[in-house]
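Trainee: next come a sequence and a model predicted from it.
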Amino acid sequence: MPTSLHSRNKPKFEASGRTIGSPILFRSLPVDVRSKLLKSAVRRDFEDGQIIQQRGDPANGFWLIESGQVKLGRFSAEGNLQVVLIFGQDDSFGELACLGGFGKVMDAIAVGRTKLKWVSETAFMDALSQSPETMLQVTRTLARQLQESLDALVMLRNSPAKSEWAG
């Protein structure tokens, strides 16, 4: 879904960084499960440039974007963010780390004023454990995302490499 990225001087429009066609994990959940999770979620507001999470933070929940944008990537040794994804309203991030039980794999920074909702790991796992159908839907969504990622890797691997000698 295209989202806008605003600089201080003038608006700049940029598509969100989500390139896979599969639904975002949170959006793939049944409506009643999403509603329940939204009711238990805690709202947090972030200012432009504020760090939301850092790589290695515990994955004890995930974020839903109510408004604004979030840049996801990794800070270099020099402190610059190497942006990989830009997410906007209705996107979510951090579910995979939460499900996998490993630390956050990306740093996240607010772009402009950003309103997020935090869904705790406890609420998420409770919702999944109460419904085998919901767990099956999550598994199918993750399988589609993984397949699309693998297809992209195969495509990159089969792409001809640029020769430094080509002139």
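Mentor: Noted; the coordinates are in hand. These figures come from a predicted structure and were not determined experimentally.

Trainee: show me the contacts for the spatially most central residue of the chain.
Mentor: Nearest to the mean C-alpha position of the chain, by CA atoms, centre = their mean, lies residue 93 at 2.9 Å. Shown in contact with residue 93 (CB atoms under 8 Å, 6 or more residues apart in numbering): 62-63, 65, 70, 72, 85, 87, 106, 108. All C-beta atoms are positioned from the backbone trio N, CA, C, and that covers glycine.

Trainee: just the strands in the chain please.
Mentor: Using DSSP state E, the strands found in the chain span residues 2-6, 11-15, 42-46, 51-53, 61-75, 81-87, 92-93, 107-120.

Trainee: distance to residue 133 added to the ones you listed, as TSV?
Mentor: Below are those laid out as TSV (distance: least, CB to CB, whole Å):
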stretch	distance to residue 133
strand 2-6	31
strand 11-15	33
strand 42-46	27
strand 51-53	30
strand 61-75	20
strand 81-87	27
strand 92-93	20
strand 107-120	19
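
Trainee: show me the one of the ones you listed that comes nearest residue 153.
Mentor: Nearest of the strands of the chain to residue 153, taken as CB to CB: strand 81-87 at 14.9 Å.

Trainee: which of the residues in that closest one are buried?
Mentor: Within strand 81-87, the residues that count as buried by 16 or more other CB atoms under 10 Å are 81, 85-87.
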